[in-house]
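Undergrad: Predicted model and sequence below, questions to follow.
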Amino acid sequence: MNYDLAPERVRVSVGTASVLGLLTYRLSVPPTTAYLMTYTEGSCLANCSFCAQARDHHAKRDHLSRVVWPDYPLDRVMEGFSKPALDVLERICVQVINYHCFLDDTIHLVRLLRSETGLPVSVDTCPVDKESLLRLREAGAEMISIPLDGATPRIFDEIKGRDVKGPYRWERHMKALRAAVEVFGEGNVGSNLIVGLGETEREAAELVQMLHAIKVKTVLFAFTPLAGTRLESLPPPQMDKYRRLQAARHLIVNGYASLEDLSFDLDGRITGYGGVDLDSVLGDGVVFMTTGCPGCNRPFYNERPSGPFYNYPRPLTEDEIEEELASLKK
């Protein structure tokens, strides 16, 4: 292998590190995607209020959401992609930290991962221009996500834009998402929505519909407070709200309903799904599982292994499906 251009170190989620044999960690549900993160000695240049990597925060830098990401020499990580791991893994996802030369590091890393493992590679990155998107695709990236995180321009500015002196702007994110669809094609572009940052359910559903209209898939996350971040005292979202938005996203993204079919009360809370037979459409339980690229189960990113689960990292049992469907009808 030629590591001359690739970064020397990379962060690895603890679940992924266990699958790769880098450490011993008891896994009740192993990750089916290998989650890697670009490494920098400093902090991210961005200042997102929920993120441990933000430049003005005092959180533990080895965290992303509630997951620990120890760093390893890249050659050790690559050695882990042997047959035992490849029997479990379906994909690799590279989480990109915003720092000087992050793009070159990411391109070299993606090229190495794709050529040496044969696994499809996804990239979760801050917005870049069309030429950079083309370089990522040519390096071997198959899918890409550019996270908005906030449901509205106002919330976006409050958590990662102008209000926190962050480098990001809603308009640039939207421009990058549209360019990504041109480069990677329909069905291969996503954007994260973090539920619980002050949005109404109507606002969140409006974003899902707007992204769907430009062929971008919404990937749902539940806000997770982390010590040392600006939002450490904000509670996570209520589960019933999250369930209603999971249902709305699933119906919109899969063509069962549109925003116009949904009904809301005066507080923007979802009160109906346009007459859709929820038992029939949602009865397989997939709606309550992790959303993202194919093969992404992201175990316990937003919850403890003991639950309750915002995003199930595995197929639900019949009893779990029945219970979750009942919660949507309250």
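TA: That came through fine. Residues are numbered from 1 along each chain as shown.

Undergrad: host element of Glu138?
TA: helix 130-139 (DSSP states H and E).

Undergrad: Give me the contacts around the following helix or strand past that helix.
TA: Toward the C-terminal end, the helix or strand that comes next after helix 130-139 (DSSP H and E) is strand 141-145. Outside strand 141-145, the residues within contact range by Cβ atoms under 8 Å, 6 or more residues apart in numbering are 110, 114, 120-125, 133, 136, 180, 184, 188-192, 219, 292-293. C-beta coordinates here come from the backbone N, C-alpha and C atoms, glycine included.

Undergrad: for stretch 175-188, same thing?
TA: Contacts of stretch 175-188 (Cβ under 8 Å, 6+ apart): 127-130, 133-134, 137, 141-144, 146, 148, 189, 191, 211, 214-217.

Undergrad: hmm, back to that, quick one: the helix holding Glu138 to strand 141-145, angle?
TA: 140 degrees (axes from the mean of the first three to the mean of the last three Cα atoms, to 10 degrees).

Undergrad: Got a ChimeraX select line for the buried ones in the contacts of stretch 175-188?
TA: In ChimeraX syntax, the buried subset of the contacts of stretch 175-188 is picked out as below (16 or more other Cβ atoms under 10 Å):
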select :127,128,133,137,141,142,143,144,146,148,189,191,211,215,216,217
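
Undergrad: rewinding a little: show me the contacts of strand 141-145 that map onto helices.
TA: 110, 114, 133, 136, 180, 184 (DSSP state H).

Undergrad: Now rank these by neighbours and give me the top one.
TA: Ala180 (29 neighbours; other Cβ atoms under 10 Å).

Undergrad: Enumerate the beta-bridge partners assigned to the residue nearest to that residue when sequence neighbours are not counted.
TA: Nearest-residue entry for Ala180: Val189, 4.5 Å, with adjacent residues in sequence omitted and distances by Cβ to Cβ, 6 or more residues apart in numbering. Under the criterion DSSP bridges, Val189 forms beta bridges with Ile144.
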